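*Asks:* Next input, structure requested:
(one chain, ligands or ions: 1)
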Amino acid sequence: MLTIDSIPAKFIDQFPEGTSIHGILAAFLTHGDPELLSELDVWRGVWPDWEEFESSMPIFWPKHLRASNSTYESSSPEDSQHTEAFPIILPPSISGLWNSPPHQSQQAPTPYETRYQNLLAQQEKRLKAAWDSVISVFPGTDWKSFAYNWSIINSRSFYYVSPGKEEPADWNDAIGMVPYADYFNHVDDAECEVKFDGRKYTFKATRSYEKGEEIYMSYGSHSNDFLLVEYGFCLENNPSDAIYLDDIIIPALSQEQKEELAAHDCLGNYNVTADGVDERITATANIMSMSPEDWQKYVNGEIETQQAFSLQDTGRIICEWIQEYLKQSAFAVDAAKGVLMTAEEGSEKSTKEKLDLILSRWKQIQQLCENALESTSQWAKLISKN
Ligand SMILES: C[S@@+](CC[C@H](N)C(=O)[O-])C[C@H]1O[C@@H](n2cnc3c(N)ncnc32)[C@H](O)[C@@H]1O
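*Replies:* Numbers count the residues shown, from 1 in each chain. Modelled structure (predicted):
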């Protein structure tokens, strides 16, 4: 394995404190001892090339295709600094932006971890921090070489924590590279069991495979927005696909409601899947439709759920939130189609491919919203009959 433990200490010690393991591994692949690196040649020989990352990962797309709430003007020092506004075409979990109100980002009383939201901004922050560290040690570093190695690690690493060490505060840094195991492609419900015993990985097929059949593994239960940003692809069939309603719900809450919800761990990360909404969304819709006294009784389990709130009121509020997301999706689809028309005139093939990918992602989101609407309205009606 290639981990922080296999890199010579004198290489690691050059980096400023706080440099991510991800950054040091990428720096090692870029500037490490050629003799040590030559041992990895066979493995590295079949890695994808830079062009593949450039075309598949939104972080490397041209600026007009990746408008986001990132505070980094650009992850690439080669990019010129544009100030003009670009249409928002990426899904909100990726861009953190909306085409029409609600456009505020999450206003929680205390910030919370949005692991599956603001994806591009979070990724740019990690890459930029790693880049700043590497150029402080190797000022002449070539941006593309480093960004390539950083992306290789980003898309091909496995969970790894050094023996005897605590898990790092940032889960993105619990990483190591497992030669050849990084050839596995991802499906959500992979028929392959992956185990890590603290030292080594084992991979075991959980059914028999035909000769030549591809064995997939699972990279985790990730939404398609996450897969697109981190790995450059979306799954057609993804049971873990989800969208988030935070930017719609949180601005509609009073400060007291936010504090109350935060105290019950029900503020933020409002997750919608094709099956419907999570309990936090239900609890939040309830706080809006119930008296404060009843809500207290309900969260403390002092009254039966069915007596506690009107399912129709709760269901109606939730459906309005999902409709709001659908409204946003119509704006983004129009914006993406507008960009597509200009791209077609200039017959820019790679731009067209990216826009087609974004449009197909939006289609998935719209279908997910429709399914969630259907299951929420059924749930509201069905249970109220009981
Ligand atoms: C760990 S590598 C997997 C092996 C990869 N095919 C290779 O050797 O380059 C992860 C990359 O594989 C691709 N990938 C993995 N699973 C995929 C899938 N289900 N559909 C499309 N691309 C996938 C993506 O480009 C992703 O960034």
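
*Asks:* Would you mark the buried spots in the lengthiest helix in the chain?
*Replies:* Longest helix in the chain by number of residues (criterion: DSSP state H): helix 349-385. Residues 351, 354-355, 357-358, 361-362, 364-365, 368-369, 371-373, 375-377, 379-380 are the ones in helix 349-385 that count as buried (16 or more other Cβ atoms under 10 Å). C-beta here means a position set from N, CA and C on the backbone, and glycine is covered the same way.

*Asks:* Quick one: mean pLDDT over that helix.
*Replies:* Averaged across helix 349-385, pLDDT comes to 87.

*Asks:* do the same with stretch 170-178
*Replies:* 95.

*Asks:* Need the residues that contact it.
*Replies:* 1-4, 20-22, 25, 115, 126, 153, 156-161, 167-168, 201 (Cβ atoms under 8 Å, 6 or more residues apart in numbering).

*Asks:* Just the buried ones from these, in PyMOL syntax?
*Replies:* To isolate the buried ones among these in PyMOL, judged by 16+ other Cβ under 10 Å, type:
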select buried, resi 2+3+4+20+21+22+25+126+153+156+157+158+160+161+168
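
*Asks:* and the contacts of stretch 170-178 near the ligand, which?
*Replies:* Arg156 (Cβ under 6 Å from any ligand atom).

*Asks:* Inside strands: which ones of the contacts of stretch 170-178?
*Replies:* Ser157, Phe158, Tyr159, Tyr201 (DSSP state E).

*Asks:* Can you tell me which of these is closest to Gln296?
*Replies:* Distance to Gln296, by Cβ to Cβ, is smallest for Tyr159 among those, at 40.4 Å.

*Asks:* my read: that closest one touches Val194, true?
*Replies:* No: look at Tyr159 against Val194 with Cβ atoms under 8 Å: they stay out of range, at 9.2 Å.

*Asks:* what's the spacing between the residue in the stretch 251-386 of the chain that the ligand sits nearest to and Met341?
*Replies:* Using Cβ to the nearest ligand atom, the single residue of the stretch 251-386 of the chain nearest to the ligand is Leu357, 11.3 Å away. Distance from Leu357 to Met341, counting by Cβ to Cβ, to the nearest Å: 17 Å.

*Asks:* re the thing from before, show me the contacts of stretch 170-178 that map onto helices.
*Replies:* Using DSSP H, these in helices are Ile21, His22, Leu25, Arg126, Ile153, Arg156.

*Asks:* Not counting its neighbours along the chain, what's nearest the residue of the stretch 251-386 of the chain closest to the ligand?
*Replies:* Computed as Cβ to Cβ, 6 or more residues apart in numbering, the closest residue to Leu357 that is not its neighbour in sequence is Cys234, at 7.3 Å.

*Asks:* Could you pull up phi and psi at Ser70?
*Replies:* Note on Ser70: its backbone torsions stand at phi -60, psi 140 [degrees, to the nearest 10].

*Asks:* From the ligand, how far out is it?
*Replies:* Going from Ser70 to the ligand by Cβ to the nearest ligand atom, to the nearest Å gives 21 Å.

*Asks:* Please name the residues that touch that residue.
*Replies:* Ser70 neighbours (Cβ under 8 Å, 6+ apart): Gly96, Leu120, Ala121, Glu124, Lys125.

*Asks:* can you give me phi and psi for the second one?
*Replies:* In this case it means Leu120. With angles defined as degrees, to the nearest 10, Leu120 sits at phi -70, psi -40.
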